[in-house]
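Visitor: okay, here's the prediction I keep looking at, along with the sequence it came from:
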Amino acid sequence: MTNLGERLFKLRKDKKLSQEEVADKLNVTRQTVSKWETDQSLPDFDKVVPLCELYGITPDELFIELKEKETTKNSEFVIDLEEEKLKSSKKAKGIAISVVLYFLSCVWILISIPVMNMNPVVACALFLLICGVATGIIVYVCIKYKKIKTPKETETDILRKQISSVAAILITIIYLVISFKTMAWHLTWIIWIIFGLFEEILKLIFMLRGNKNEK
């Protein structure tokens, strides 16, 4: 984007004038003209009209392009910000749906065989189908609505991963202790489903927290 200093520099070059010549015509120092062209300072109000007359333009012509470009830039920024919020919202909804499906899969496997007396093969197949759909939704929204992370978000992601790592170690210990103590390996594997739910809930919490901070 062209700023005021660059525009003044271009106008002077188009007129084939040196900084000393411009300074003499406007009764200012060469250093003043240099500061205008390097955006270190702005022309005084009483110098704007003489400056524009020297370059053969009107004050509106000098500033209108800058205003239009600044407006365009701000509009693009607002649009990008709204798109990012929309992506984050859709991603959060997708993960929330997946969490609900994981919960439903746990409820299903707990009641389908002992309560509903359903064929174990059919019950497990439906259980895996629900988990597969939930996992597919998570993979889809994470890829489609992937966001470029800022340094602050990267720090947050590291914190989440550290929490997940500690939780994974604790879950492993609990799983092994309960499994060896009860020898009910065919049931204790559900602990890992619970851990998967915890992971997704943790991601959702951090995502919602990030959206709240942006607002």
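Guide: Arrived safely, thanks for sending. Numbering: from 1, shown residues only.
Visitor: tell me, please, where in the protein the pLDDT is lower than the cut-off.
Guide: The chain contains residues with pLDDT under 70 at 1-2, 64-84, 146-157, 185-186, 209-215.
Visitor: which residue ranges form the helices in it?
Guide: Ranges of helices within the chain are 4-14, 19-26, 30-37, 45-55, 59-112, 120-144, 151-182, 185-188, 190-214, based on DSSP state H.
Visitor: deepest of the ones you listed, which one?
Guide: Sort the helices of the chain by mean neighbour count, taking mean count of other CB atoms under 10 Å, and helix 30-37 sits at the top with a mean of 18. Glycine gets a C-beta too; all of them are placed from N, C-alpha and C.
Visitor: next one: that one to chain centre, how far?
Guide: Its chain's C-alpha centre lies 40 Å from the corresponding centre of helix 30-37 when counted by CA atoms, centre = their mean, to the nearest Å.
Visitor: what does that helix contact?
Guide: When contacts are defined by CB atoms under 8 Å, 6 or more residues apart in numbering, helix 30-37 is touched by residues 4-6, 8-9, 12, 19-20, 22-23, 26, 40-43.
Visitor: again, only this time at 6 Å
Guide: With contact meaning CB atoms under 6 Å, 6 or more residues apart in numbering, helix 30-37 is reached by 5, 8-9, 19-20, 22-23, 41, 43.
Visitor: over to stretch 184-195?
Guide: With CB under 6 Å, 6+ apart as the test, stretch 184-195 has contacts from 106, 171, 175, 178-179.
Visitor: okay, those in a markdown table with distance to residue 202 next?
Guide: As requested, the contacts of stretch 184-195 are exported to a markdown table (distance: CB to CB, whole Å):
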| residue | distance to residue 202 |
| --- | --- |
| 106 | 17 |
| 171 | 13 |
| 175 | 18 |
| 178 | 22 |
| 179 | 24 |
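Visitor: and these, which is closest to residue 115?
Guide: Relative to residue 115, the closest of these is residue 106; by CB to CB it sits at 13.7 Å.
Visitor: outline the domain layout of this structure.
Guide: Domain segmentation of the chain under automatic domain parsing yields 4-57, 72-214.
Visitor: now the last one, how far from the chain's geometric center?
Guide: A distance of 19 Å separates the centroid of the chain from that of domain 72-214, by CA atoms, centre = their mean.
Visitor: and residue 44, how many neighbours?
Guide: Number of residues near residue 44 (other CB atoms under 10 Å) recorded here: 12.
Visitor: measure it to residue 35 for me?
Guide: From residue 44 across to residue 35, the span is 12 Å (CB to CB, to the nearest Å).
Visitor: with residue 130 instead?
Guide: Per CB to CB, residue 130 is found 68 Å from residue 35.
Visitor: ok so, going back, which one of the contacts of helix 30-37 is nearest residue 199?
Guide: Distance to residue 199 across the contacts of helix 30-37 (CB to CB) is lowest for residue 5, with 52.2 Å.
Visitor: leaving out the residues flanking it, which one is nearest to the closest one?
Guide: In this structure, residue 5 finds its nearest non-sequential neighbour in residue 39, 3.8 Å apart by CB to CB, 6 or more residues apart in numbering.
Visitor: just residue 106 next, same as before
Guide: Once flanking residues are discounted, residue 106 sits nearest to residue 193: 5.5 Å by CB to CB, 6+ apart.
Visitor: appreciated, that's everything.
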